[in-house]
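**Student:** Can you look at this prediction? I've put the sequence above it.
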There are 2 protein chains.
Amino acid sequence: MIKISIIGAGNVGINLFETLRKKKEVKIVSLFNRSLEKILSYKDKIFITNNIDEIKKSDIYIISTNDESIEKISNDLRGRDGMVVHTSGSTEMKILSIHKNFGVLYPLQTLTKDKLFDFKKIPICVEGNNDINDKKLEKLVKIIGSKYYQLDSEQRLALHVSAVFACNFTNYLFSVAYDICTENKMPFEILFPLIRETLEKIEINKPSKIQTGPAIRKDINTIKKHLNFIKSKNSKKIYSILTDGIIEKNGK
Amino acid sequence: MIKISIIGAGNVGINLFETLRKKKEVKIVSLFNRSLEKILSYKDKIFITNNIDEIKKSDIYIISTNDESIEKISNDLRGRDGMVVHTSGSTEMKILSIHKNFGVLYPLQTLTKDKLFDFKKIPICVEGNNDINDKKLEKLVKIIGSKYYQLDSEQRLALHVSAVFACNFTNYLFSVAYDICTENKMPFEILFPLIRETLEKIEINKPSKIQTGPAIRKDINTIKKHLNFIKSKNSKKIYSILTDGIIEKNGK
C-alpha cells in the first residue's frame, strides 16, 4: 500500500486525488491546500489541511501547486523521509534536490473545467533522481493507468515547448480562422472536415511531408491576394511569418 | 440527365470525374487535359481530348485546372451555351463573366495522393451568376453527395484564408513540434492525445474561449524559459508573434 499526500488542490491535484483514491494499491493520507475552503467538500473522504506540518507521513508527496510555489513547499517538507515529486512541465527536477528521494510526475494534459481527466488517454512523463525512484514512479503511473514515458528535465521542457506549438498555438490559429469565418458570415464548422483530415494525416505521416497550401506551392499570387484580404495587422504578420517559415523549411 | 465536361484532370478534376460517372443523374461527355498522356488510361470509360474545340456540347463545363489557366480556358469556351464553372477557392466568379451562365463549385478539401475524396465529408461552396444557376449548382452538389454552402466570391476568399490558418499553418506548427520532439529523442505521438483533445474542444467551443498555455496565463517566466530553449531563429520568431497575438487578443 503506497501512502500518498497531495499538496495543491488545483486541476492536476484534484484529478490525481479522484483517480488515486479509487485504487486499492494506494492510500491517500492527506490533501493539502493553502485555502482550506476550496477543499472543505472533501473532508469526509480524506484528511484535509492547510498546514504543511500536519501533512501525514507518506511514501510519496506530490506537489501539484503552481510552478512558483514548488520550491517553497519543497523547503517546507525538508527532513521528510518519503519521495517528493512535482507535476510541472517546465520546472527542473533539481529544484527538489534538498531531499534524498525526489522526482517529477508530469501529466501532459490540457485543462477542461468540471470534467475529470481520463488518465488512460494522458501520457505521464516521469523522472526520478535514481533508478529506484524511477521504478517507483513507473509503478505509480501504471496504477494511475496512463501511458508512461521516461524523460529527463531537458526533454520535458522540450515537450512542453512542442505542446505549446502543437496545441496552444494551433488553437490560437483556429481562433483567427473562427474570427475570419464569423466576420464573413460563414459557420466555422465548414472547416471541420479539413481540420479533422489534417489531424488524421499527421497521425500517420511526418507533418512536413503532407504540407499543402499556397506557401509550399510558392503560389505568390494567392499569397498576395490573401495578405491583401486580411485586415488585422497581427494576423497579417502571422500569415507572413508562417508563410516564410513554410517556404524556408521546404526550400532547402 | 445532366451532361458534364470536365476540363483539367488534376486532383479535383479526377475526383469529380470518378464520383460523377457513377451517378445516374449525370453523364460525363468529355474529359479534357492539356497532356493527353495523363488521361489515356480513361479512354475506355469516357471521351478524352486535349483539344478544347473537341469538347462535347454540355450542360455544365467544369474548369478544374490550376488557377492561372482558368481565364484562358474560359475564353476558349466562348460562345458555348451551357454553364461554365471553375473550382478555385481564391479566384473570383466574375473571371467567367464572358459567358451567359457561369458559377463556382469549390470543394473545400486537402490533397491526399492516390486516395479518392469522400465527397460526403467535403463541403462544397457554390456561387452562380443568377438564381437559376444557383439552383442548378445546388442540385449538382446534392448529386455529388457533399454538404452545400452558398458563398459569394469574397466569402470564398475569406474561407480560403481561414483554411490556410486552420489547416496549412497548424500543420506547419505540427511540423515544428515534430522537429523539437525528434531533436530531443521523443516520439511525436506523445502529443497526439493533447492534439486530439484540442480538436474535440473546438468542435463544441469557440476556440478563443478554450485557449490555454503560458501566453494566456501571461506566465512570463515560462515564456522566457521556452524562448531561451528554442534554437531555430524562425521558430523563436513564430513563438514570440503567436504569444503576442494570444496576449493581445485576450488582454482586451
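**Tutor:** Happy to help now that I have it. Residues are numbered from 1 along each chain as shown, chains lettered A, B, ... in the order given.

**Student:** what's the first-to-last distance across stretch A:209-221?
**Tutor:** Start-to-end span of stretch A:209-221 (C-alpha to C-alpha, to the nearest Å) is 23 Å.

**Student:** Quick check: buried residues in it?
**Tutor:** Applying a neighbour-count criterion of 16 or more other C-beta atoms under 10 Å in any protein chain shown, one finds A:210, A:211, A:212, A:213, A:214, A:215, A:216, A:219 buried in stretch A:209-221. C-beta here means a position set from N, CA and C on the backbone, and glycine is covered the same way.

**Student:** Give the members of those that are also in contact with chain B.
**Tutor:** A:210, A:211, A:212, A:213, A:214, A:215, A:216, A:219 (C-beta under 8 Å from any C-beta of the partner chain).

**Student:** circling back to that earlier point, as TSV, the buried residues of stretch A:209-221 with pLDDT and secondary structure would be great.
**Tutor:** Shown next, in TSV, are the buried residues of stretch A:209-221 (pLDDT from 0 to 100; DSSP: H, G, I helix; E, B strand; the rest coil):
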residue	pLDDT	secondary structure
A:210	91	helix
A:211	92	coil
A:212	89	coil
A:213	90	coil
A:214	91	coil
A:215	94	coil
A:216	91	coil
A:219	89	coil
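
**Student:** And those residues, which is closest to chain B?
**Tutor:** Comparing the buried residues of stretch A:209-221 against chain B with C-beta to the nearest C-beta places residue A:213 closest, at 3.1 Å.

**Student:** Distance check, the closest residue to that closest one other than its chain neighbours against residue B:189.
**Tutor:** Using C-beta to C-beta, 6 or more residues apart in numbering or on different chains and skipping the chain neighbours, the partner closest in space to residue A:213 is residue B:168 (3.1 Å). Residue B:168 sits 22 Å away from residue B:189, going by C-beta to C-beta, to the nearest Å.

**Student:** Neighbour count: those two, which is higher?
**Tutor:** residue B:168 (22 against 13; other C-beta atoms under 10 Å in any protein chain shown).

**Student:** Where does the prediction get shaky in chain A?
**Tutor:** By pLDDT under 70, the weakly predicted segments of chain A are A:111-114, A:252.

**Student:** Domain-wise, how is it divided?
**Tutor:** Following automatic domain parsing, chain A resolves into domains at A:2-151, A:157-251.

**Student:** Now tabulate these in TSV and tack on distance to residue B:247.
**Tutor:** Converted to TSV, the domains of chain A look like this (distance: least, C-beta to C-beta, whole Å):
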stretch	distance to residue B:247
domain A:2-151	18
domain A:157-251	10
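
**Student:** re earlier: with distance to residue A:248 added, can I get the ones next to chain B among the buried residues of stretch A:209-221 in JSON lines?
**Tutor:** Below are those laid out as JSON lines (distance: C-beta to C-beta, whole Å):
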{"residue": "A:210", "distance to residue A:248": "18"}
{"residue": "A:211", "distance to residue A:248": "12"}
{"residue": "A:212", "distance to residue A:248": "17"}
{"residue": "A:213", "distance to residue A:248": "15"}
{"residue": "A:214", "distance to residue A:248": "15"}
{"residue": "A:215", "distance to residue A:248": "10"}
{"residue": "A:216", "distance to residue A:248": "11"}
{"residue": "A:219", "distance to residue A:248": "16"}
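
**Student:** Excluding sequence neighbours, find me the nearest residue to the residue with the largest distance to the centre of chain A.
**Tutor:** The outermost residue of chain A relative to its centre, with distances by C-alpha atoms, centre = their mean, is residue A:221 at 39.9 Å. Among residues not flanking residue A:221 along the chain, residue B:67 sits closest, at 7.2 Å (C-beta to C-beta, 6+ apart).

**Student:** Now do the contacts for the one you found.
**Tutor:** A:219, A:221, A:222, B:88, B:90, B:91 (C-beta atoms under 8 Å, 6 or more residues apart in numbering or on different chains).

**Student:** just residue A:143 next, same as before
**Tutor:** Residue A:143 sits next to A:2, A:20, A:23, A:25, A:26 when contact means C-beta under 8 Å, 6+ apart.

**Student:** For residue A:129, give its distance to residue A:37.
**Tutor:** 35 Å.

**Student:** Which one of these two is surrounded by more residues?
**Tutor:** Taking neighbours as other C-beta under 10 Å, residue A:129 and residue A:37 compare with residue A:129 leading, 20 against 8.

**Student:** Quickly list what the closest residue to that one other than its chain neighbours is bridged to.
**Tutor:** In space, and not counting its chain neighbours, residue A:129 is closest to residue A:102: 5.1 Å by C-beta to C-beta, 6+ apart. When assigned by DSSP bridges, residue A:102 has beta-bridge partners residue A:84.

**Student:** pretty sure residue A:102 is touching residue A:132, no?
**Tutor:** No: in this structure residue A:102 lies outside contact range of residue A:132 using C-beta atoms under 8 Å: 11.9 Å.

**Student:** Which of the two has more residues huddled nearby?
**Tutor:** residue A:102 (25 against 11).

**Student:** And that one, how far from chain B?
**Tutor:** Plainly put, residue A:102 is 20 Å away from chain B if you go by C-beta to the nearest C-beta, to the nearest Å.

**Student:** now do residue A:8
**Tutor:** Distance of residue A:8 to chain B, given as C-beta to the nearest C-beta: 16 Å.

**Student:** State the number of residues packed around that residue.
**Tutor:** Other residues close to residue A:8 by other C-beta under 10 Å number 23.

**Student:** Do you have the helices of the stretch 51-200 of chain A handy? List them.
**Tutor:** According to DSSP state H, counting those that start in this stretch, the stretch 51-200 of chain A carries its helices in the segments A:70-76, A:131-144, A:153-163, A:170-183, A:192-202.

**Student:** got a list of what the closest residue to chain B within the stretch 51-200 of chain A touches?
**Tutor:** Nearest to chain B in the stretch 51-200 of chain A, going by C-beta to the nearest C-beta, is residue A:168, at a distance of 3.1 Å. Contact analysis of residue A:168 by C-beta under 8 Å, 6+ apart lists B:211, B:212, B:213, B:214, B:215, B:216, B:246.

**Student:** same question, residue A:194
**Tutor:** B:108, B:109, B:110, B:163, B:166, B:167.

**Student:** distance of the first one from residue A:79?
**Tutor:** Applying C-beta to C-beta, the value for residue B:108 to residue A:79 is 63 Å.

**Student:** what's the answer for residue A:230, then?
**Tutor:** For residue A:230, the distance to residue A:79 - C-beta to C-beta - is 59 Å.

**Student:** So between the two, which is more surrounded?
**Tutor:** Higher neighbour count among residue A:230 and residue A:79: residue A:230, with 20 against 7, using other C-beta under 10 Å.

**Student:** wait, isn't that one in contact with residue A:240?
**Tutor:** No: using C-beta under 8 Å, residue A:230 is not in contact with residue A:240, being 9.6 Å away.

**Student:** among the contacts of residue A:194, which two are most distant?
**Tutor:** Of all pairs drawn from these, the greatest distance, 13.5 Å, lies between B:109 and B:166 (C-beta to C-beta).

**Student:** between those two, who's got more neighbours?
**Tutor:** Set residue B:109 next to residue B:166 and count neighbours by other C-beta under 10 Å: residue B:166 wins out with 27 against 23.

**Student:** Could I get the contacting residues of that one?
**Tutor:** A:173, A:174, A:177, A:191, A:194, A:195.
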